[in-house]
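> Let me see the structure of the following:
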Amino acid sequence: MSQLNDIPLSALHFYLTAPYPCSYLPDLQARSQVATPAFLIDAQVYSELVRHGFRRSGTYTYRPRCDNCSACVPLRVLAKEFRASRSQRRAWKRHSGLEVTLHPLQDNPQHFDLYQRYQSARHKDGGMDNEDRESYQNFLLQSHVDSLLVEFREQGVLRMVSVIDLLSDGLSSVYTFYEPELPHASLGIYSVLWQIELCRKLELDFVYLGYWIAHSRKMAYKTQYRPAQGLMDGEWLVLDKAGPNPTEMRGP
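Numbers count the residues shown, from 1 in each chain. Next up is the predicted model:
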């Protein structure tokens, strides 16, 4: 943990989990490094941890630490320099009529129903399509940091929900789920664009999108939002669609 010596985490402990099946790359085993105790990880400490590649699931703060694999690359979009592609501009225009409201984390039956439909349609047999209400609550509605729940509605009908963490230098996109059967919809793209725009309005620098995995179809899309940086060997380097940019730009 030498790279964390420059931040005030002396009260935290870090441990490695036992190996478990990787959710993204078949036939591989994964391990995570977990920061504990959870109640000490407030918004300030969590911001520092995210800058060092950590992420959270509920109150569980972790980063990948696999024995023979380094495919998971923490990724952040440079919000102030971001320029939307043509297809992204079309997605923004297509869904610009959505009504957006911000809320504290809350347990809403409509949200859970939408979450179940989304998991069944988009991640069937992925381990989350049969989650019960308690698992959903522990995953998305438990937080020791500054978190927001964002509703996107169309003429009053719930279309999408995003959970976002507020960091000292940006936003961390925790999870987004949306109506999976709408024809010609680009709700996932719109959600990321909306978060980038919110980041700009708050005069923050980065939107952290979790882990980019080049050979995972579910995770490879994240380099479509550019410019983006990936944390590799302890340094934030510019990424293109294929990987690190040869003209590496160092991040803070």
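
> CA atoms for contacts and neighbours, from now on please.
OK.

> what comes up buried for stretch 106-114?
His111, Phe112, Leu114 (16 or more other CA atoms under 10 Å).

> Show me which residues of the strand or helix carrying Val45 are buried.
Here Val45, judged by DSSP states H and E, is contained in helix 43-51. Residues of helix 43-51 classed as buried under the neighbour-count rule (16+ other CA under 10 Å) are Ala43, Val45, Tyr46, Ser47, Glu48, Leu49, Val50, Arg51.

> Skipping adjacent residues, who's closest to Gln106 in space?
Setting aside the residues directly before and after it, Gln106 is nearest to Leu141 in space (CA to CA, 6 or more residues apart in numbering), at 6.5 Å.

> Same question for His13.
Thr36 (5.2 Å).

> List the contacts of the one you found.
Leu12, His13, Phe14, Thr61 (CA atoms under 8 Å, 6 or more residues apart in numbering).

> List buried residues within those.
Applying 16+ other CA under 10 Å to those flags Thr61 as buried.

> which ones among the contacts of Thr36 are found in strands?
The strands, defined by DSSP state E, take in His13, Phe14, Thr61 from the contacts of Thr36.

> While we're on the residue nearest to His13, how confident is the model there?
We have a pLDDT of 94 for Thr36.

> again, but for Leu182
pLDDT, Leu182: 92.

> where along the stretch 1-150 of the chain do the helices fall?
Along the stretch 1-150 of the chain, the segments classed as helices by DSSP state H, counting those that start in this stretch run 43-51, 86-94, 109-122, 133-140.

> one step back: tabulate the buried residues of stretch 106-114 in TSV, adding columns for pLDDT and distance to Ser162.
Formatted as TSV, these follow (pLDDT from 0 to 100; distance: CA to CA, whole Å):
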residue	pLDDT	distance to Ser162
His111	98	10
Phe112	97	12
Leu114	97	12
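
> Nearest to His95, out of the residues you listed: which one, please.
Set against His95, the nearest of the buried residues of stretch 106-114 by CA to CA is Leu114 (18.1 Å).

> pLDDT weak spots in the stretch 101-250 of the chain?
124-130, 241-250 (pLDDT under 70).

> mind listing the strands for it?
147-154, 157-166, 170-178, 206-212, 228-232, 235-239 (DSSP state E, counting those that start in this stretch).

> Let me know the angle separating the fourth one from strand 170-178.
Here strand 206-212 points in a direction 60 degrees away from that of strand 170-178 (axes from the mean of the first three to the mean of the last three CA atoms, to 10 degrees).
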